[in-house]
Structure formats: structure tokens, C-alpha cells
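>>> Test case, fold it:
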Amino acid sequence: MELKREVEDEFRGESSLIGAEIVVSVEDGIVMLTGLVESLLQKKAAIWAVKQVIGVRALLVKIMVKSQESSYEAIFVNPEHIFSAADENMIEVTGAQGY
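This is a model prediction of the structure:
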């Protein structure tokens, strides 16, 4: 629960996220954001805020932007964890999508 609290604290410190309806859930260092925001700027601010938190192993984003008809899922994986997991044959990375 500490990691979830740190992410939520980071959100409270980000003025551009005022009014955003984002739910944070965390399991084994993987943060998932779900909800509804007013703009793509708010969505990007939420992603940026999570990346500032130490201990986040990966990020799954499922946030809908009110002005868009559909949304997309984005995944951010901390590079340090890719290498440690790959050494143990636990993960295969086949592509990446940037912002």
C-alpha cells in the first residue's frame, strides 16, 4: 500500500491533474491507472507522475480521455527490471511504443 500512497501523493502534487478521475491500483510493484480525464495533457501528466515514484516496476495505463472516442493502453516497464527479469528468462520484449 505504500507504493499506491506514493503515487497518489505524486498526483496530489500535480496541479494539472485537478479534476481527473483516476483510480490507482498496485500489485507487486506494477501500477495500473484506470479512469477518465479531461485531456490528453492530463493523461500524460498522470503517466509522468507515476514515473517519478521510486519502486514502480511497470505501469499499465487504461485512462479514457473525454474528448476522444476511444483510448489506448500504454505500458511502461522500468528498464532495470527488464534486464533483471530477462536474465531469469521471465520476460520477452518484442516492441515498444513511445509518446
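
>>> Beta-bridge partners for the residue lying closest to residue 47 once chain neighbours are set aside, please?
Closest residue in space to residue 47, ignoring its immediate chain neighbours: residue 61 at 6.0 Å, by C-beta to C-beta, 6 or more residues apart in numbering. (Each C-beta comes from the backbone N, C-alpha and C, glycine too.) On DSSP bridges, the residues paired with residue 61 through beta bridges are residue 33, residue 74.

>>> how about the strands in the protein?
For the chain, applying DSSP state E gives strands covering 21-27, 30-37, 58-65, 73-77.

>>> Tell me, what's the model's pLDDT at the residue nearest to residue 47?
Listed pLDDT for residue 61 reads 92.

>>> my guess is it meets residue 33, correct?
Yes: if you go by C-beta atoms under 8 Å, residue 61 and residue 33 touch, sitting 5.0 Å apart.
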